[in-house]
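K.L.:
Predicted model and sequence below, questions to follow.
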Number of protein chains: 2
Amino acid sequence: MSMDVDILRALRRAGGGSVSGAELSQSLGVSRAAIWARVQDLRALGYDIEASPHQGYRMLSTPDLLHADDLLSRLESIRVIGRDIRVFQETTSTNDVIEKLARDGVKEGVVVFAEAQTKGRGRLGRKWISPPGKGLWFSLLLRPALRPEEATRLTIVAATALRRAIANATQLRPEIKWPNDILINGKKTAGILTEMHAEPDQVKHLVIGIGVDVNLEAEEFPPELRQIATSLRAETGEAVDRPELACRILKELDAEYERLNAGRFSEVADEWEEHCTTIGRQVSIRLGERQLRGRAEALGEDGALLVRSEHGRLEPVIGGDVTLEKLT
Amino acid sequence: MSMDVDILRALRRAGGGSVSGAELSQSLGVSRAAIWARVQDLRALGYDIEASPHQGYRMLSTPDLLHADDLLSRLESIRVIGRDIRVFQETTSTNDVIEKLARDGVKEGVVVFAEAQTKGRGRLGRKWISPPGKGLWFSLLLRPALRPEEATRLTIVAATALRRAIANATQLRPEIKWPNDILINGKKTAGILTEMHAEPDQVKHLVIGIGVDVNLEAEEFPPELRQIATSLRAETGEAVDRPELACRILKELDAEYERLNAGRFSEVADEWEEHCTTIGRQVSIRLGERQLRGRAEALGEDGALLVRSEHGRLEPVIGGDVTLEKLT
């Protein structure tokens, strides 16, 4: 772990208080000059760190910047998701970067953020707008012991964690639209793209891509999306601290993944159902050529949506395009 | 398509007869000198092509060599599988090469052969021995419209095609051991590794890797495998022409894939069942921690093995390690 992680952690632990250079030097086992050099570099990144000859260092403010060491310094109690973090200024799609890491044998839990994506994508190959510095565009690698038909569980896990983190960070009331969207006031604010590499009986690795429209202004959305998409900033009226939100999301993801691995998926599913705008609604779902209409009743064991069709049959649905019909 | 494909095809069509340089020159639209230059190159590869000033060119023999143009020249009526063929002298695993091509957007049907693999693998990450020039180690890319839980169908399709091609080429009686092995006289001779890249509701692409132990001598198998593995050469007592066998397999794969896409998977499944040594047998299957014992009764719709457990329940099994018990 880099020295910056330790310095940032010590400054943050001090709250608004100071940490002496001598103290840092001793606890990190390096010279005071080395600490000074690192602080200079952090200042260059935008961390406003006051240095006083008598009191030592004090963090006055942090930039709205995704800096791996900063994120790591805030994630002390993480078990799996976020124990390794990498940040790119720009990439095609963070899912692609994770896929490469997966094939190189990197351990599960690694998270890749990009300040901008040139080829961000959503489900079914759709484009996802990812302008620099305005959102959280990131992906993570998991290697769960699941069969391919159980992979939807991870989308449920991710949606539950993402919804809770956004709710706690903003006081907004995000809802989940099955299978992979987070809506605020009925408009899409975040999405999840789950991709896997698998043998027919076994998932080898799984990539979860998450996009959150954090600080986009309403007019930054393409005109055709303005009626259906929004950002946290547009809904709250103020800018949201991205690194803080990123850490909240990673902590919730880590906690939910732990629940899944402990065989407690039903708990995750219960929380998911409670906040799912799809359950209890009349839905119309396009499944390839077929159109299924009915009432979404619940979430099945594997993460499938259980729809009571017009003919009275309960059908498990794994994917497809969902349109919510009028409230009934 | 390369000029070599046309030259080889013309020579092969002539059977043991000759094709004049003038004729070739005219049908290919190039000079006789250009034809002569290509023939010289083919000779350097080991194609024994006689050139007589009066009769023209005559193919006396072909080498036991995987040459993409040669394979393509023999596959005129292929629809999908084998319309694009690439041969490597050595690679890590042909599945890895196909995976890269898939991500570059290459069309389905491309086939990659390697004369040797340094990291050939079987199911569940097991090692597959792939010495140079002794077998057929190849992979193909498909983009079928399937859900992840239906991917086993492709293993069934591949096993059916592979079994039939080997039976026709050798007069041996290969059997299928569910899900992915071809046995001859009870010993493993070929295997199939199906891998996919998918979203939870949709396969994006699928890679089928096939390994056939063609001309290995019994002593070329590691000692620990000699009781359970064999080669076509060891069973027939004579060397098998690898390019010819490769083309037979590709043709059968293409035909079976066509049946699948035409909605006729049940026909493939019937042929599979007929030759499956697992159906009707007492089996013991390790499924993670669990051991399932029972009688393998049939193949399910998605390619699952339907096992009647000791408690009388019919359980669909997608993967796992199968041990055949004594014949009952």
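P.N.:
Noted; the coordinates are in hand.

K.L.:
shaky segments in chain A?
P.N.:
For chain A, residues meeting the criterion pLDDT under 70 lie at A:1, A:124-125, A:326-328.

K.L.:
Any residues of it in contact with chain B? List them.
P.N.:
Within reach of chain B by CB under 8 Å from any CB of the partner chain, chain A has these residues: A:99, A:103, A:123-124, A:145, A:147-149, A:151-152, A:154-155, A:179, A:193-202, A:204, A:288, A:303, A:318-320. (Glycine included, C-beta is placed from N, CA and C.)

K.L.:
if you set the cut-off to 7 Å instead, what comes out?
P.N.:
A:123, A:147-149, A:151-152, A:155, A:194-202, A:318-320 (CB under 7 Å from any CB of the partner chain).

K.L.:
tell me which residues in stretch A:87-96 are buried?
P.N.:
A:Val87, A:Phe88, A:Thr91, A:Ser93, A:Thr94, A:Asn95, A:Asp96 (16 or more other CB atoms under 10 Å in any protein chain shown).

K.L.:
now, which of those residues sits nearest chain B?
P.N.:
Of all these, chain B sits closest to A:Asp96, with 8.1 Å by CB to the nearest CB.

K.L.:
mind checking the SS state of the closest one?
P.N.:
Following DSSP: H, G, I helix; E, B strand; the rest coil, we place A:Asp96 in the helix state.

K.L.:
repeat for the one 4 residues further on
P.N.:
Using three-state DSSP, the three-state assignment for A:Lys100 comes out as helix.

K.L.:
picking that back up, are any of the residues of chain A next to chain B buried, and if so which?
P.N.:
A:123, A:147-149, A:151-152, A:155, A:194-202, A:318-320.

K.L.:
Tell me which residue lies farthest from the centre of chain A.
P.N.:
No residue in chain A sits farther from the centre than A:His54, which is 41.1 Å out by CA atoms, centre = their mean.

K.L.:
any idea how far A:Gln291 lies from A:Leu71?
P.N.:
Applying CB to CB, to the nearest Å, the value for A:Gln291 to A:Leu71 is 44 Å.

K.L.:
Look at those two and report which has more neighbours.
P.N.:
A:Leu71 (21 against 12; other CB atoms under 10 Å in any protein chain shown).

K.L.:
Please, which helix or strand holds the residue nearest to that one when sequence neighbours are not counted?
P.N.:
Spatial nearest neighbour of A:Leu71, excluding adjacent residues (CB to CB, 6 or more residues apart in numbering or on different chains): A:Ile85 at 5.1 Å. In this structure, A:Ile85 sits in strand A:84-91 according to DSSP states H and E.

K.L.:
how about the helices in the stretch 151-300 of chain A?
P.N.:
Ranges of helices in the stretch 151-300 of chain A, per DSSP state H, counting those that start in this stretch, are A:152-170, A:232-236, A:242-261, A:265-274.

K.L.:
quick one, which of the ones you listed is packed in tightest?
P.N.:
helix A:152-170 (a mean of 24; mean count of other CB atoms under 10 Å in any protein chain shown).

K.L.:
what number of residues lie near the nearest residue to A:Ile156 once chain neighbours are set aside?
P.N.:
Nearest residue to A:Ile156 in three dimensions, chain neighbours excluded: A:Gly303, at 4.7 Å (CB to CB, 6+ apart). Taking other CB under 10 Å as the criterion, the count of residues near A:Gly303 is 26.

K.L.:
so who does A:Gly303 touch?
P.N.:
A:Gly303 makes contact with A:Thr152, A:Arg153, A:Thr155, A:Ile156, according to CB atoms under 7 Å, 6 or more residues apart in numbering or on different chains.

K.L.:
hmm, 8 Å instead?
P.N.:
Residues near A:Gly303 by CB atoms under 8 Å, 6 or more residues apart in numbering or on different chains: A:Glu150, A:Ala151, A:Thr152, A:Arg153, A:Leu154, A:Thr155, A:Ile156, A:Pro179, A:Ala269, A:Ile318, B:Pro200.

K.L.:
May I have the phi/psi pair for it?
P.N.:
A:Gly303 has phi and psi values of phi 100, psi 0 when expressed as degrees, to the nearest 10.

K.L.:
Where does the stretch 101-250 of chain A get nearest to chain B, residue-wise?
P.N.:
Closest point on the stretch 101-250 of chain A to chain B, by CB to the nearest CB, is A:Asp201, at 2.1 Å.

K.L.:
now that residue: how far from A:Leu66?
P.N.:
Taking CB to CB, one finds A:Asp201 at 38 Å from A:Leu66.

K.L.:
Next: A:Glu220.
P.N.:
From A:Glu220 to A:Leu66 the distance is 19 Å (CB to CB).
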